[in-house]
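sharing a model that was predicted from the sequence below.
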Amino acid sequence: MRRAGVPLRLAGAVLVASMTVLALAALAPAAEPLRYTTTWFGNTFGGGPKWVQNFIEGLYVAPDGTVYAASGWDEACREFGIYQGGDVVGNCADTHGWGTGGGPAVTVNARYLFIAHAHGNEGGHLQGPEYPPKGSEWYGISRRNLDGSHAKFDGGRGRFGDMLVLHEVDTKTRAQVTGLAADAQGLLYASDPHAGQVRVFRCDTMASAGAWPVARPGPLALDARGTLWVLQGGEAGGDGPRVLRYAPDGKPLPQGITFGKDVVPTALAFDRKTGDLLVTDNGPAQQVLIYTAADTGPKLKGTFGEKGGVYAGPKPGLAGPARLAGPMGVGTDAAGNLYVGCNQPAGGSILRAFSPAGTLLWELLGLEFVDCADTDPASDGADVFTTECRYTMDWSRAGPGAQWRWRSQTVDPFRYPDDPRLHENHHDFTDPLYRRLGGKPFLVVRGMFQHMLVFYRLEGEIAVPCAMFAKGPYHVGPWQPPGQPEKGRWIWRDSSGDGQFQADEYRDADGVRDPESWAWWVDEKGDVWQGNQDGPDPIRRFPFEGLDEKGNPIYRRASSQALALPEPMNHLLRIEYHPATDVMYLSGHTKGRPKTGGEWGQVGTEILRFDRWSEGNRNPRWRIALPYDPPKNVSVKSFCTAGDAVFAVESRTARVHVFDAATGQELGEMAPGPEVARESGWIDFPDAIRAWRRRDGEYLVFVEEDAKAKVIVYRWRPRARR
């Protein structure tokens, strides 16, 4: 995820990706070759030069159908992706690292590409005239050539002399450009909400050509007459969003649109063939609104997309071409083909092209970011869940990336606006576990920092929040679970059955904050295991006590059991218990192999297996010594078990070590293969690997690959034992 000053490495070449744990590493051959292949799901492309960016926050479509997608962040540096004909054709260079950042706006004229741009100094570590002073950040516009390369100009600032700085502000203030439009006369219009203006510049020199006041200006669009249409954001407690029209000199014109209270407009563009004004609505309708743009005033002419989008109909959540999910950008080409860019509510990019008749021409997906996956055991690996999506897999298909189909989105922001997944910060909610409790399906998610454990009951395609453990008051920016206790740990249960948090639904709030912990586990019976690094209760088990009348799992601190940490461990970091075999796996540090570095959230130096755990046995059957060399940044981030194997993935290299579950002997290693350009991002969170042994003996090993928005899958068939 986002951390400062980390180099991006790919096949020995050093690129710069500050603010990110990207480090795409060319991986050495495995110590012993295993018979496996690499595939993936969640992104249309497997990696290398091609991937769909993490987010889409703005869109511009050129007459020839080239699509420019804007965002503030992409882990692998594609903040501004360039797409055409269902393929990746490029991106803007240097929008990530060495202080540079993206933004939500992009536009193009016959000669240049313009992007909203941010420029910092990595906390004061980068100095010189090409950087803002310590404690400050620049916001403005970067001018590029049409291929995304730099187009410097006299007076341009930043590392490449191609940035027009509009504001120098402190690092706590955002002053991003929120809209861009360029006309045929060589003028560039920019929305500057920090100044409360629409500003005008000459494209050839980037010199100022005027400005006029507009409160809360956002996305822009130019009509065939050269007049400018501005999407004005709503005011808290006041007027809602509107579309305003201005002459090129800034004179207000009477035509405009005032939206109803349920409309959440996010982008606007003009249909190049019909002249209609298109507005994306990210409200409950999830549609493109189509207005006649007559000089007498726009009138709603129609809509595009199924009303309600992905949340509509008897099966809310189910994916489909016309079922939009978070529309954030729109445009047409000269032939009248329609392009819609969507940003899923919890993150993930969807870019679709439709014919004038509404037929899907192509679709690009970049759905996964900092996540792993689990499968419904009853499906034998055919039904796979990530934190926010559900996939249908056909493992009979052998081609790279050919096995998956996006089935549904499990988040519904309109029915369940307090779903914690909608409010995550740095992907607090990751790595799902699929469980059946009381015969009912549940999704359980943990987090990058393990502050909480959340249960979701699966109702059709939607996962409804129904229970949550928190180690103390939980906040994500300004959001917190409504009504949560002010101090200490708590357990929440959705007693009302509405998927919302109410103050009287919190239990076991004793004012005590749990110590730091990196271990949450829910076993197949439904018991919750919590591990603490420090304090009097290293291991605590909360037994599953059945389902309440609303179908929520019941847990109580009064029935929980505290357990001591077995010798020779002195630092617990992970728990994985399987009641069917009564086998416990613990990981952390031991007296003989203590923690010596400053790393956080790792697995530790050893994994230990204990048989007959419930009978009180505390003598390990075996101990696996894991790779651990802090000065060289070598450590294991995550481990899991499945069938007869234990899998452990290294943090920096993403190399997977495979061990025999019976003996602890290492069987070999797996690393990203040629199918994904032999690359992976760093492993970011504690439970970033899950595995499943299918009925035919094949193992599916799911591993986080956040750099290029996907989940890697290793398909491994062990050799027959002699």
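Right, received. Where do you want to start? Remember, it's a predicted structure, so these values are computed and weren't measured experimentally. Residues are numbered from 1 along each chain as shown.

assign the nearest residue to H96 once chain neighbours are set aside to helix, strand or coil.
Excluding the flanking residues, the one nearest H96 by C-beta to C-beta, 6 or more residues apart in numbering is C77, at 3.9 Å. In this view, the C-beta of every residue, glycine as well, is placed from N, C-alpha and C. At C77 the chain is in coil, as set by DSSP: H, G, I helix; E, B strand; the rest coil.

ok, P219 next?
strand.

and the next element down the chain from the helix or strand of the chain with the lowest mean pLDDT?
Ranked by mean pLDDT, DSSP states H and E, the weakest helix or strand in the chain is strand 13-16, scoring a mean of 32. The first helix or strand that comes after strand 13-16 along the chain, using DSSP states H and E, is strand 36-41.

list the buried residues in that next one.
36, 38-41 (16 or more other C-beta atoms under 10 Å).

then stretch 389-404?
For stretch 389-404, by 16+ other C-beta under 10 Å, it's 389-391, 393, 395, 401, 403-404.

contacting residues for G81?
Each residue near G81 by C-beta atoms under 8 Å, 6 or more residues apart in numbering is listed here: 52-53, 68-69, 74, 88, 90-91.

name the SS class of the residue positioned nearest the centre of the chain, please.
In the chain, the centroid-proximal residue (C-alpha atoms, centre = their mean) is F369; its distance is 3.5 Å. Here F369 is coil, with the state taken from three-state DSSP.

chain center to stretch 714-722: distance?
Distance, stretch centre to chain centre, for stretch 714-722: 33 Å (C-alpha atoms, centre = their mean, to the nearest Å).

apologies, that question was intended for stretch 711-722.
28 Å.

and what of stretch 316-333?
For stretch 316-333 - counting by C-alpha atoms, centre = their mean - the centre lies 18 Å from the chain centre.

strands of the stretch 1-150 of the chain, start to end?
7-10, 13-16, 36-41, 58-61, 67-70, 80-84, 87-91, 100-101, 106-108, 112-119, 136-145 (DSSP state E, counting those that start in this stretch).

among these, which is nearest N617?
N617 lies closest to strand 36-41 among those, at 33.7 Å (C-beta to C-beta).

which residues of the stretch 401-550 of the chain fall in helices?
With DSSP state H, counting those that start in this stretch as the definition, the stretch 401-550 of the chain shows no helices.

what about the closest residue in space to Q480 that isn't next to it in sequence, how many residues close to it?
Nearest-residue entry for Q480: Y474, 6.1 Å, with adjacent residues in sequence omitted and distances by C-beta to C-beta, 6+ apart. Y474 has 19 neighbours, counted by other C-beta atoms under 10 Å.

could you do A247 as well?
13.

please apply the same query to T386.
26.

any idea how far it lies from T178?
Separation of T386 from T178 (C-beta to C-beta, to the nearest Å): 31 Å.

what does the domain assignment say about the protein?
As recorded under automatic domain parsing, the domains making up the chain are 29-43+566-722, 92-234+245-250, 409-564.

and these: which comes nearest G331?
Evaluated over those, closeness to G331 peaks at domain 92-234+245-250, with 9.1 Å, by C-beta to C-beta.

who's in contact with the residue nearest to the centre of the chain?
54, 75, 347-348, 427, 706, 709.

from the residues you listed, which land in helices?
Using DSSP state H, no member of the contacts of F369 falls within helices.

highest neighbour count among those residues?
Result: A709 is most packed of those (other C-beta under 10 Å), 32 neighbours.

correct me, but it touches E368?
Yes. A709 lies in contact with E368 (C-beta atoms under 8 Å); the separation is 5.6 Å.

anything in contact with each of those two?
Both A709 and E368 are contacted by 42-43, 348, under the criterion C-beta under 8 Å, 6+ apart.

TSV for those, including distance to Y555 and pLDDT?
Shown next, in TSV, are those (distance: C-beta to C-beta, whole Å; pLDDT from 0 to 100):
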residue	distance to Y555	pLDDT
G42	32	98
N43	36	98
G348	31	93
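
secondary structure element for the nearest residue to L351 once chain neighbours are set aside?
Leaving aside its sequence neighbours, L351 sits nearest to L364 (C-beta to C-beta, 6+ apart; 4.4 Å). Using DSSP H and E, L364 sits in strand 360-366.

what are the ranges of the helices in the stretch 151-300 of the chain?
Going by DSSP H, counting those that start in this stretch, the stretch 151-300 of the chain shows no helices.

now the strands for it?
163-170, 179-182, 187-192, 197-202, 208-213, 217-222, 228-232, 242-246, 252-258, 265-270, 277-281, 287-292, 299-304.

which one of these lies closest to H589?
Among these, strand 163-170 sits nearest to H589 (C-beta to C-beta), with 41.1 Å.

how about the closest one: buried residues?
163-169.

go on, stretch 698-706?
Buried residues in stretch 698-706 (16+ other C-beta under 10 Å): 698-706.

any stretches of this structure with poor pLDDT?
1-32, 425-427, 534-535, 721-722 (pLDDT under 70).
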